[in-house]
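# after the sequence you'll find the predicted model.
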Amino acid sequence: MSQGFSIPRFKLPALVASLGTRLPQWPHSLALATGLNAAARIGLLPDDSLALLEGRSFLVEVLDAGGQARFTYRDGLFRPLWKAPKSPETPDLSFSANLSAFLQLLARQEDPDTLFFSRELSIVGDTELGLVIKNMLDAVELPQLPSLAAFRS
């Protein structure tokens, strides 16, 4: 990360999770599926790895925010899953962590292994599928954004 900025470990107040669990969860599923489809469309996610996700279901839980996103990959698209009869009760793979751990992962400040072994990230389900996801995340080359110093006059 540029400029030495790092995302600190934090935990949102319990009130946030209490309120978050009472809110509809479908917007999270829709937003995550949309973002993943955009990443796939611009080539950030490798096609060979995506093919291995076909028909699999996933759950991402942000524990301290009380949010959940359920989705699947089918026919070349990430699709949100609603809590409905067609939605699997137990996903093939689930990830649970506090918001700070997910932000650190996205910012590449921490890798999934470190977060997992420090018990900040819980991964439950198909081990082989988990390795596919980990390798896919490792292969993603995020575009470099200009540093904040470039915007200062």
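Now that the structure is in, tell me what you want to look at.
# what about the longest strand in this protein?
strand 67-74 (DSSP state E).
# residue 139 reaches residue 46, doesn't it?
Yes. In this structure, residue 139 is within contact of residue 46 by CB atoms under 8 Å, at 5.5 Å. Every C-beta, even on glycine, is put in place using the N, C-alpha and C of the backbone.
# if we can go back for a sec, tell me what the longest strand of the chain is packed against?
Counting contacts by 3 or more CB pairs under 8 Å, 6 or more residues apart in numbering; DSSP states H and E, strand 67-74 packs against helix 26-41, strand 57-62, strand 77-80.
# quick check: phi and psi at residue 138.
Phi and psi for residue 138, reported as degrees, to the nearest 10, are phi -60, psi -30.
# distance of it relative to residue 11?
Note on residue 138: its distance to residue 11, by CB to CB, to the nearest Å, is 27 Å.
# for this protein, what spans make up the helices?
For the chain, the helices defined by DSSP state H occupy 14-20, 26-41, 47-51, 99-106, 112-117, 127-139.
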